[in-house]
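In: Turn this into a model:
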Amino acid sequence: MRTRHTILISMSETITRARRSRPISTPWPSYKTKLAVTILRPGAVYGPGKPLPVAPLGWRAARNTNVVIGRRKQHFPLTYVENLADAMATVSAGRSLRKFIVIDDEDLTLGQYHMIRQEVERTPTLFLSGLPLLLAAIGFEIAMWLTPAGFGAGNKWRRIQLQLQDRRFDSRRIRDETGWAPQFTLKDAIRHTLQYPSAESLPTRD
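Out: Residues are numbered from 1 along each chain as shown. You can find the predicted model right below:
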């Protein structure tokens, strides 16, 4: 069977290069073949079988409390897995190199997400400032640079800073060119994800 169209899902490119002004390099299929190539860059993908995301810097604490390091107004790019699959089907008829960002709601913030999640899941969320963590990371980096063994250590504070940055991803292009729109609302997507049995709840064999 001959392949005529290639769709690349590149989640990491959305997060790591969104703040850079220079264009992202084109993947190899468009150079080495005559294939039609479509690049889809979703945000954090979630769905049945995978735990709900908390935040770029966040975790599930004791007593089923979600802890978020960041601001309530920080944008949170999410893509429900079935919405992503629908977007893949929508763009599969393309004939040339195209790049799209696929986000269910590009205006969604951490505060809005956890408000809806709390409504569905009945779990509280604790928001904490990211400044103490950022200052601690900077201090750690300085200490590492002052020791011979730590010379050349990676910029942990820079990675934390990127996670705390407010980045809004524009998905208008895929909506305008293809007419694509998410088929599931955030509340329904959260409910479907929670209803799916997690790996911990599945029965084990003796």
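In: Please enumerate the helices of the chain.
Out: Read by DSSP state H, the chain holds these helices, from start to end of the chain: 11-17, 29-32, 81-91, 110-121, 131-145, 156-164, 172-178, 186-195.
In: Make a markdown table out of those and add distance to residue 67.
Out: Any C-beta I mention is one placed from the backbone N, CA and C, and that applies to glycine too. Putting the helices of the chain into a markdown table (distance: least, CB to CB, whole Å) gives the following:
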| stretch | distance to residue 67 |
| --- | --- |
| helix 11-17 | 21 |
| helix 29-32 | 41 |
| helix 81-91 | 25 |
| helix 110-121 | 11 |
| helix 131-145 | 12 |
| helix 156-164 | 14 |
| helix 172-178 | 33 |
| helix 186-195 | 18 |
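In: Need the ones you listed in JSON lines (columns: mean pLDDT).
Out: Supplementary listing: these in JSON lines, determined by pLDDT from 0 to 100:
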{"stretch": "helix 11-17", "mean pLDDT": "46"}
{"stretch": "helix 29-32", "mean pLDDT": "48"}
{"stretch": "helix 81-91", "mean pLDDT": "93"}
{"stretch": "helix 110-121", "mean pLDDT": "95"}
{"stretch": "helix 131-145", "mean pLDDT": "79"}
{"stretch": "helix 156-164", "mean pLDDT": "78"}
{"stretch": "helix 172-178", "mean pLDDT": "93"}
{"stretch": "helix 186-195", "mean pLDDT": "94"}
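In: With respect to residue 65, which of those lies nearest?
Out: helix 110-121 (10.5 Å; CB to CB).
In: got the angle between the closest one and helix 186-195?
Out: Interaxial angle of helix 110-121 relative to helix 186-195 (axes from the mean of the first three to the mean of the last three CA atoms, to 10 degrees): 50 degrees.
In: So for residue 47, which of the helices of the chain sits nearest?
Out: Ranking the helices of the chain by their distance to residue 47 (criterion: CB to CB) puts helix 81-91 first, at 3.2 Å.
In: Could you dump the helices of the chain into TSV with mean neighbour count and distance to residue 52 added?
Out: Listed next are the helices of the chain as TSV, based on neighbours: other CB atoms under 10 Å; distance: least, CB to CB, whole Å:
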stretch	mean neighbour count	distance to residue 52
helix 11-17	16	16
helix 29-32	12	33
helix 81-91	18	12
helix 110-121	17	7
helix 131-145	14	22
helix 156-164	16	18
helix 172-178	14	24
helix 186-195	16	6
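In: quick one, what contacts residue 68?
Out: Counting by CB atoms under 8 Å, 6 or more residues apart in numbering, residue 68 makes contact with 54, 55, 57, 58, 110, 114, 125, 126, 127, 128.
In: Could you export the residues you listed as CSV, including distance to residue 142?
Out: Written out in CSV, the entries for these read as follows (distance: CB to CB, whole Å):
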residue, distance to residue 142
54, 29
55, 27
57, 21
58, 26
110, 29
114, 34
125, 32
126, 29
127, 28
128, 23
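In: Can you turn the buried part of these into a PyMOL selection?
Out: Of the contacts of residue 68, the buried ones can be selected in PyMOL as follows, counting by 16 or more other CB atoms under 10 Å:
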select buried, resi 54+55+57+58+110+114+125+127
